[in-house]
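J.: compute the structure for the input listed below.
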Amino acid sequence: MTTERRKGQSRAKERTDPQSDRREAGAADGGRKETHAAGPRNGQRGAQHRENAGTKAAVTPRELALDILMEILERGALSHVVLYQALSKYQYLDRQDRAFITRAVEGTLEYQIQIDYIIDRYSRTKVQKMKPLIRTLLRMSVYQILYMDRIPDSAVCNEAVKLAAKRRFEGLKGFVNGILRSIVREKDTLNAGSASQALCTHGNMSSASQAFYSHGDAEGRRSLSHSGTIGGPPGDWGGGADPWPDDSIRYSMPPWLITLWTEAYGEDAARGMLAAFLKESPFSVRCNTDRAPEGEILESLRLQGVSVTKNAYAEDMLYLKDFDYPERLTAFQTGLITAQDLSSACVAKAAGLKAGDTVLDVCGAPGGKALHAASLLLRAWQDDRSGSGSAGEELRPADIVSGAAAGLPKDSPRMGHIFVRDISERKAEMICGNVRRCGYEDLVTVQVWDALVLDEDMTEKADVVFADLPCSGLGVIGRKPDIKRRVRPEDIEVLAELQRDILSVVWQYVKPGGILVYSTCTASPKENTGNREWFLTNYPFEPVDITGRLGNRISAATMAEGYIQLLPGQYPCDGFFLAVMRRR
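T.: Numbering: from 1, shown residues only. Predicted coordinates:
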């Protein structure tokens, strides 16, 4: 496998993607070159360990969580990036401490709107007028008091006061202590159960979705009931009264998003989404069964103490828990499993891949869809080969690609090939690492290329094009809760236009009769069904009936028209949209 740098110049430098860092300014230009991903050398690891060991006594998990939240809430950093970097740096922390940091950070972001409302009820100085560190410290501490059962309230208050003093806010210790202890004194009026749990019993989430979200419930999460009460100043919130003035506070979601989803999908579906976003999602992986039987993969995981649950919606997918880092699992290291959500795995299945296909993934980082396509092509080739009576000797993927060059009969079917691209060297190296880990180096070519620039060498060369494009990311709020704070209504307009600009280029790579799969990880009609309709109106494509391609349990009337909108709460996955279209 090589990483190629293809000639091209970015037209997207003035575009912004508020959802993630999927597109970066400065597309590649210049000649083709081969690069190799490399991890830190042993000396670098040793230096990192010594640095960590030197800071171990000085930094506490609460302090790390506070610093991470400051980066996200006050400096605009991406939550998943900062959290990953911090946990990677402080790997000496035990699992319990890392779980605390993750839950404290993600939970504070998830419930920020609700937490701010509560703090404002108890403080004469409103949250937005507070010192940045003090409001972040209070937010994190209130989350622990209300939502983390295993932490004594007294410990939360005492540690918050210590942190305020350590960060040179000695004069505000009483302020912090007073607000937190007032909330502690009056929180006992809370009823058991959360808004999301109450919704499950009210029927707005499917039984499968309930099992999915409850399966991954984090350590000691305490929940607020949407019909319960939280203690406030006497007489303000009486026993049994609903403490939340509206659904925005109740579900900690910006009002404009609730309106958007209610108008687009209906009140029940919208509430199911809001409930699902407040539930912990399990870690989802896809098994590369072309590399090893499922039983061997399961045995490898269980030998390392991993709890495994099969995904009822996809036979090759599992939910994992009770492990440390996925990178430390033998099954992950050897490419037997790949981290992927059920929703993302629908793309390659919906495409209807067959042996010999040339596949182009135009915005492919970190490579999950391309890896899935490689697995499906390999299995399709093996099936075709069995059918042609040439299933004797074992062949590596390298042998499969070249057909006759591998000593096969001239009419032996090729497996096919996958080209996967993204805009930066960094992302290409990320894809390379995953391709190498899974052993698909001979089946996959990784290229640095800006999707907004036409590559004339690829015009009408692809049987299948994956266009999983930059989007608002509203479907993955449950995994990246800072999205709901950063994305604005005007961003959706900008992103929908960017998606159209990319589609107006990449459709030209599809052969006549070939397939384009347009997808996003969002729940936004303008970016999804709106762009699908625009594309079908302006380009020579027609819908493809995908009924049955996603298994027996994923179905919608719209699949006959070639598309489906997956919503959290309705299906046990992220919010996701895909549309399959054939070039006439």
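J.: the longest strand out of those in the chain pairs with which strands?
T.: The longest strand of the chain (DSSP state E) is strand 510-520. The strands that strand 510-520 pairs with in its sheet are strand 462-468 (parallel), strand 576-583 (antiparallel) (by DSSP bridges).
J.: make JSON lines out of these and add mean neighbour count, mean pLDDT and distance to Glu429.
T.: Backbone N, C-alpha and C define where each C-beta goes, glycine included. Shown next, in JSON lines, are those (neighbours: other CB atoms under 10 Å; pLDDT from 0 to 100; distance: least, CB to CB, whole Å):
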{"stretch": "strand 462-468", "mean neighbour count": "25", "mean pLDDT": "98", "distance to Glu429": "19"}
{"stretch": "strand 576-583", "mean neighbour count": "25", "mean pLDDT": "98", "distance to Glu429": "26"}
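J.: which one of those lies closest to Tyr265?
T.: Set against Tyr265 and scored by CB to CB, those come closest in strand 576-583, at 11.8 Å.
J.: alpha carbons only: can I get the longest strand of the chain in CSV?
T.: Output of strand 510-520 as CSV, limited to C-alpha atoms (Å, rounded to 0.1, in the frame of the first residue of the first chain):
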residue,chain,number,x,y,z
VAL,A,510,-18.8,7.3,-11.6
LYS,A,511,-19.0,5.1,-14.7
PRO,A,512,-22.2,5.1,-16.6
GLY,A,513,-24.3,2.5,-14.8
GLY,A,514,-22.1,2.9,-11.6
ILE,A,515,-23.2,3.9,-8.1
LEU,A,516,-22.8,7.0,-6.0
VAL,A,517,-23.5,6.7,-2.3
TYR,A,518,-24.1,10.1,-0.6
SER,A,519,-24.0,10.1,3.2
THR,A,520,-23.7,12.3,6.2
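J.: list the contacts of that strand.
T.: With CB atoms under 8 Å, 6 or more residues apart in numbering as the test, strand 510-520 has contacts from 347, 350-352, 460-469, 471, 475, 499, 503, 506-507, 527-528, 531-532, 535, 541, 544, 576-584.
J.: who wins for proximity to Leu69 among the strands paired with strand 510-520?
T.: Smallest distance to Leu69 across the strands paired with strand 510-520 (CB to CB): 28.1 Å, for strand 576-583.
J.: centre of the chain to stretch 160-176, how far?
T.: Computed by CA atoms, centre = their mean, to the nearest Å, the chain-centroid distance of stretch 160-176 equals 36 Å.
J.: what of stretch 151-168?
T.: 32 Å.
J.: and for stretch 563-577?
T.: 13 Å.
J.: again with stretch 95-111
T.: Offset of stretch 95-111 from its chain centre (CA atoms, centre = their mean): 17 Å.
J.: same deal with stretch 171-188?
T.: For stretch 171-188, the distance to the chain centre is 35 Å (CA atoms, centre = their mean).
J.: quick check: which ranges of the stretch 301-450 of the chain have low pLDDT?
T.: 387-413 (pLDDT under 70).
J.: ok, 90 please
T.: Applying pLDDT under 90 to the stretch 301-450 of the chain flags residues 324-325, 379-415.
J.: which stretches in it count as strands?
T.: Counting by DSSP state E, counting those that start in this stretch, one finds strands in the stretch 301-450 of the chain at the ranges 307-310, 317-321, 337-339, 357-361, 416-422, 444-448.
J.: the protein - how does it break down into domains?
T.: 43-189, 283-583 (automatic domain parsing).
J.: give me whichever of those is most buried.
T.: Greatest average neighbour count among these goes to domain 283-583 (a mean of 20), per mean count of other CB atoms under 10 Å.
J.: tell me which helix or strand comes right after the helix or strand harbouring Asn158.
T.: Following DSSP states H and E, one finds Asn158 within helix 153-166. Using DSSP H and E, the helix or strand that follows helix 153-166 towards the C-terminus is helix 173-186.
J.: quick one on the thing from earlier: now render the domains of the chain as JSON lines, adding distance to Ala264.
T.: Below are the domains of the chain laid out as JSON lines (distance: least, CB to CB, whole Å):
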{"stretch": "domain 43-189", "distance to Ala264": "21"}
{"stretch": "domain 283-583", "distance to Ala264": "5"}
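J.: and stretch 322-339, end to end?
T.: Taking CA to CA, to the nearest Å, stretch 322-339 runs 15 Å from one end to the other.
J.: residues in contact with the nearest residue to Tyr539 once chain neighbours are set aside?
T.: Nearest-residue entry for Tyr539: Trp507, 5.3 Å, with adjacent residues in sequence omitted and distances by CB to CB, 6 or more residues apart in numbering. Residues in contact with Trp507, defined by CB under 8 Å, 6+ apart, are 465, 516, 535, 539, 541, 583.
J.: tell me how far Trp507 lies from Ala451.
T.: As judged by CB to CB, to the nearest Å, Trp507 and Ala451 stand 11 Å apart.
J.: over to Asp116?
T.: Asp116 is 38 Å from Ala451, where distance means CB to CB.
J.: what of Gln114?
T.: For Gln114, the distance to Ala451 (CB to CB) stands at 38 Å.
J.: cool, Tyr313 as well?
T.: Remark: distance between Tyr313 and Ala451 (CB to CB) = 30 Å.
J.: equivalent analysis for Ile492, please.
T.: Where Ala451 is concerned, Ile492 sits at a distance of 19 Å (CB to CB).
J.: for Ser524, same thing?
T.: With the distance defined as CB to CB, Ser524 ends up 20 Å from Ala451.
J.: now do the nearest residue to Arg181 once chain neighbours are set aside against Val435, distance only.
T.: Counting by CB to CB, 6+ apart, Arg181 lies nearest to Cys157, which is 5.7 Å off, once chain neighbours are set aside. For Cys157, the distance to Val435 (CB to CB) stands at 50 Å.
J.: next one: Trp256
T.: Taking CB to CB, one finds Trp256 at 40 Å from Val435.
J.: ok and the helix ranked longest in the chain relative to strand 416-422, angle-wise?
T.: Ranked by residue count and defined by DSSP state H, the top helix of the chain is helix 368-387. Angle, helix 368-387 to strand 416-422, by axes from the mean of the first three to the mean of the last three CA atoms, to 10 degrees: 180 degrees.
J.: isn't Phe576 right up against Ala345?
T.: No - with contact defined as CB atoms under 8 Å, Phe576 does not reach Ala345; the gap is 9.9 Å.
J.: return the alpha-carbon coordinates of stretch 457-477 using CSV.
T.: Output of stretch 457-477 as CSV, limited to C-alpha atoms (Å, rounded to 0.1, in the frame of the first residue of the first chain):
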residue,chain,number,x,y,z
ASP,A,457,-7.5,10.7,-14.4
MET,A,458,-10.3,9.2,-12.4
THR,A,459,-13.2,10.4,-14.6
GLU,A,460,-15.7,7.6,-15.2
LYS,A,461,-13.3,5.0,-13.7
ALA,A,462,-15.2,4.1,-10.5
ASP,A,463,-17.9,1.5,-10.3
VAL,A,464,-18.8,2.9,-6.8
VAL,A,465,-18.1,6.3,-5.3
PHE,A,466,-18.6,6.9,-1.5
ALA,A,467,-19.3,10.6,-0.8
ASP,A,468,-19.5,10.7,3.0
LEU,A,469,-19.1,14.5,3.2
PRO,A,470,-18.3,17.1,5.8
CYS,A,471,-21.5,17.9,7.7
SER,A,472,-22.9,19.5,10.8
GLY,A,473,-22.5,16.2,12.7
LEU,A,474,-25.9,16.5,14.5
GLY,A,475,-26.2,12.8,14.4
VAL,A,476,-23.2,12.2,16.6
ILE,A,477,-24.0,14.6,19.4
